[in-house]
Structures are given as C-alpha cells and as structure tokens.
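*Asks:* Here is a sequence together with a model predicted from it:
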Amino acid sequence: MKNKVFRIFPAVILLTTIAMIFSGCKETNNNIGQNDNSNDNSNDNLNNMAWSTMHYNIGSYDKVCNITTKYHFIDGDSIVGNTTYNKLYYYKDEQHTERFYEGLIRKDNSKLYFVPQKTNQEYLMYDFNLVEGSVFEGKYIDGTSYKYYVKKVDNVNIIGKEIKRIQFSYSANNSKIIDIWYDNIGSIQGLFNTVYVQYDGANKILLCVQNNGEVVYKNSKFAKCYYDNDDIEEVDNILKSNK
C-alpha cells in the first residue's frame, strides 16, 4: 500500500478539471452495488478467492482516463431456496476502507453462477469444462443473449503451474480472439465480463487473482494489482506499448 498525503489547493482542482475536459473524459459514477456490512464466514471453496480488475475509459486522442480498480472477494454465504451461495463484495480504494455488495456467486463443479444484488435471477458466468469446437451460450444481466465459439483449448504456465486456457471467437470461421478464460480464474477482461455488457469506451483488464492469499494469476503487462487516476500516464504508456 502506498501512503498518500493529500494537499488540496484551488489551483490544483482547476487544473485537474481542465485536464479532464480536454482529454475528452468525464467523471463516471462507479458506485455499482450497495453498501453491505454483514460479517458472515463461509468455508466454501470460493471463500478464499479474490479478483483485482482495472476499469478505465478511453477519451479524446485515445487517452486513458477514469481509472478505477475493483477488488472482489468472498465473505459469508446465503441460502436461496435449497442452494448455497457465497456473498461477493468489492473495494474500490487501495486501502480497502469501504466495501460494496455485488451479489451472490456459487461454483458447481466446473461452472460458476452469479446472482446480481436485488434480483433472484441466476446467470451462468463460466463453464471451464468446454472443449474445442463447442459453444458457450451466455446471457448478460440486461437480458441480451450471446454465443462464444471455443476456438482453442490448451494449457499454459502461469506462475509455475499448468492452467487450462480457453480461447473464444464469434464463430468457427472467425479467427479473431474475443476473450480468453483461465480455468478457475476467469476472463482476462475481468470476472464479470461474461454477465455485464461492455459499452463503447469502457474497458476492463484482469490484473491479479489470489487464492488463500497466494497470487495464482498476475497480468504480465502490469507491475501492480491496483491502479487509479494517479497512474494515468503509466497505464496509458503500458496500453499503447502493447498495441
């Protein structure tokens, strides 16, 4: 964690506002979810998992702006009908001072399911048992259905371990890879890439995944597991150098 001393001067605020305007970016409201301060504990096999995902926008002149990092983690469980779920929360600040409730998540063998807050609708997030040539049929929480064609399945070494990798395209005849999943980790575009629609100009990158405090996935392009608007130049340079 980095220690910050905040000194606010009117001139700094003015310059920051001007910079945001000329970059083409507007401040966005990232308060997805609701505050929830329950402190249940669960021994489910997802309980010690945590995902760190960077969210950012692209403004005028292809400049990065509005960087936030969400740290999702499990804390407690809930029973809906006869099904047990884990409670999923997230932090937006590096110091993890205020948490927000995202919804319910459960694992059933090779599949992950998600129930958004304030609903009872369950969505299939992942099926890590897919084979080459098969199709993943998903649905976003806005009701839009989609299909991912499994282009290739192989194993890759991630932090010293062989992990199954699933690469997707839109169809058998389309060679463009639109998403990549890692077994029991999720999409390289973040845990929720399969259930939340991605809008134009809004982007997500999975930075790190931990299991019981051990890093099991680390994005090799980025040095850290947390970025915010103080890191705009660094992130912008990394993204442009990897185009």
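*Replies:* Arrived safely.

*Asks:* what packs against the longest strand along the chain?
*Replies:* With residue count as the measure and DSSP state E as the assignment, the chain has strand 64-80 as its longest strand. For strand 64-80, the elements it packs on are strand 49-58, strand 83-91, strand 99-108, helix 232-241, judged by 3 or more C-beta pairs under 8 Å, 6 or more residues apart in numbering; DSSP states H and E. In this view, the C-beta of every residue, glycine as well, is placed from N, C-alpha and C.

*Asks:* try 10 Å this time
*Replies:* helix 10-23, strand 49-58, strand 83-91, strand 99-108, strand 202-211, helix 232-241 (3 or more C-beta pairs under 10 Å, 6 or more residues apart in numbering; DSSP states H and E).

*Asks:* Distance from the last one to the middle of the chain?
*Replies:* Okay, so that is helix 232-241. Centroid separation for helix 232-241 versus its chain: 19 Å, with C-alpha atoms, centre = their mean, to the nearest Å.

*Asks:* backbone phi and psi for residue 198, please?
*Replies:* Summarising the backbone geometry of residue 198 under the convention degrees, to the nearest 10, its torsions are phi -100, psi 120.

*Asks:* So it sits against residue 205, correct?
*Replies:* No. The pair formed by residue 198 and residue 205 falls short of the contact definition of C-beta atoms under 10 Å, at 11.6 Å.

*Asks:* For the two, work out which one has more neighbours and name it.
*Replies:* residue 205 (20 against 13; other C-beta atoms under 10 Å).

*Asks:* Contacts for stretch 230-242, please.
*Replies:* For stretch 230-242, the surrounding residues in contact (C-beta atoms under 10 Å, 6 or more residues apart in numbering) are 2, 4, 19, 23, 25, 54, 56, 58, 62-67, 69, 94, 203, 205, 219-224, 227-229.

*Asks:* related to what we said a few turns ago, next, show the common contact partners of residue 198 and residue 205.
*Replies:* Common contacts of residue 198 and residue 205 (C-beta under 10 Å, 6+ apart): 189-190.

*Asks:* about what we covered before: and of the helices and strands packed on strand 64-80, who's closest to residue 187?
*Replies:* Each of those was scored for nearness to residue 187 using C-beta to C-beta, and the closest is strand 202-211 (6.7 Å).
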